[in-house]
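[1] Please find the sequence and the predicted model below.
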Amino acid sequence: MPTSGSAVVVGGGIGGLAAAIGLSRAGWQVTVFERLPGDLDDAGSGISLAANGVRALDALGAGDALRAAGCFQRRVSTRSPRGTWLARMDGAELERVAGTPIVGIARYELHRLLRTLLPTPVVREEVTAVEGNAVVTTSGRHEAEVIVAADGVNSRLRKRFFPAHPGPVYSGSAVIRAITTEPFALSSSDFNLTWGRGAEFGHIGLADGRAEWHAVLTIPAGTRYPDPIAEMRRRFGSWHEPVTALLDATEPEAVLHHDVYELVTPLPSYVSGRVALLGDAAHAMQPNLGQGACQALEDAVTLAHALSSTDVDTALTRYDAERRPRSQAIARAARQTGRMGQQLTNPFGIAMRNLAFRAMPTSVMARSMLRYTRWQPPAKDGPGTQN
């Protein structure tokens, strides 16, 4: 029979906030704990949400706010460093096929709109332990029928409940990214990726007229640059515009640098007792398909639906059965895409890849792009649609 009760969400990122919203809408009393005292450290970057992520936010009652705060990606493209078009797609046509647009938004804006839908504020405390059906924080012990572990790629709760798992490993790539300081007109594409030798440069437009750019570099873990903008100019200064113009429009203090870690070894389950892992804690993946946040949103909607329609133990079993195969398959695909994309360094391989992309019909490219975005939220009395 359907159930409700108290739930604790550990982690106030996109997945944790979404899970809290979904559970609250299903009648649960939810407390979100986030150890960081302020905004998350990736809040200065941007994100593009594919159709499945947008549908998940629709299911959480956040879709209209997303569309109002975001920027629809109407022109989608891939290029070579010289500017040769490898692929160009009409975002409006993708929207027609998918039923919803690709939406670009600053992460801090997405965090903000999700927080406004929470019935209670996020509690800025660190969860230091889990004891039975309770979490322990700096303020005391908090009982819950369900604990949602949304504490990120370096999840302490994953390590606590799956001690034999090797944990995250470095993907071989790091992401350097920023949002331009002032409005920046993107004349050729709202969403572009450029693949070079062992590197990628991409950008998206944002609703306030600024642009977000990112560079993916194949470099050793822990590499840092005293002047990241100067390093980006050194690496990408000969690439097509608007690459250098985007760098010129960025203040050095706005630049973020993250090594990309992933769970190469898949977890045997996303559930341990009454604890459910969600988002990067469950399936941290490379960003090459733009599915990291989308999969966390799918997790949140699926978990909330399961917990609204049956008892807790059955619901968590259902959640694991629905989410683990799909999200782990997408994580594998993201890894493979990276090997074909920004991690490719062999000149012959790069030439063959570019030739294949240029020869590919737009319809085939569109189907490939939409392949992982066909998920639909669960119907009232059934599971979500995966394909």
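    Nice, I can see it. Residues are numbered from 1 along each chain as shown.
[2] in the chain, which spans are helices?
    14-25, 51-59, 63-69, 91-98, 107-116, 156-161, 228-236, 243-248, 280-283, 292-309, 312-340, 347-359, 362-370 (DSSP state H).
[3] Tabulate those helices (CSV), appending mean pLDDT, mean neighbour count and distance to residue 124.
    Using the backbone N, CA and C atoms, a C-beta is placed for each residue, glycine as well. Below are those laid out as CSV (pLDDT from 0 to 100; neighbours: other Cβ atoms under 10 Å; distance: least, Cβ to Cβ, whole Å):
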stretch, mean pLDDT, mean neighbour count, distance to residue 124
helix 14-25, 98, 27, 13
helix 51-59, 98, 25, 24
helix 63-69, 97, 16, 23
helix 91-98, 84, 16, 37
helix 107-116, 95, 19, 12
helix 156-161, 97, 19, 17
helix 228-236, 97, 17, 29
helix 243-248, 96, 18, 34
helix 280-283, 99, 28, 19
helix 292-309, 97, 27, 21
helix 312-340, 97, 18, 27
helix 347-359, 94, 13, 46
helix 362-370, 83, 14, 39
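[4] Dump those to JSON lines, plus distance to residue 196.
    As requested, the helices of the chain are arranged in JSON lines below (distance: least, Cβ to Cβ, whole Å):
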{"stretch": "helix 14-25", "distance to residue 196": "29"}
{"stretch": "helix 51-59", "distance to residue 196": "27"}
{"stretch": "helix 63-69", "distance to residue 196": "32"}
{"stretch": "helix 91-98", "distance to residue 196": "24"}
{"stretch": "helix 107-116", "distance to residue 196": "25"}
{"stretch": "helix 156-161", "distance to residue 196": "35"}
{"stretch": "helix 228-236", "distance to residue 196": "8"}
{"stretch": "helix 243-248", "distance to residue 196": "10"}
{"stretch": "helix 280-283", "distance to residue 196": "27"}
{"stretch": "helix 292-309", "distance to residue 196": "23"}
{"stretch": "helix 312-340", "distance to residue 196": "13"}
{"stretch": "helix 347-359", "distance to residue 196": "8"}
{"stretch": "helix 362-370", "distance to residue 196": "20"}
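[5] so residue 270 makes contact with residue 295?
    No - look at residue 270 against residue 295 with Cβ atoms under 8 Å: they stay out of range, at 11.5 Å.
[6] Describe which strands the longest strand along the chain pairs with in its sheet and in which direction.
    Within the chain, and with DSSP state E defining each element, the longest strand by residue count is strand 169-179. Strand pairing for strand 169-179, determined by DSSP bridges: strand 211-218 (antiparallel), strand 256-262 (antiparallel).
[7] what's it in contact with?
    Here strand 169-179 makes contact (Cβ atoms under 8 Å, 6 or more residues apart in numbering) with 44-46, 106, 206, 210-219, 221, 223, 228, 232, 250-251, 254-264, 286-287, 335, 338, 342-343.
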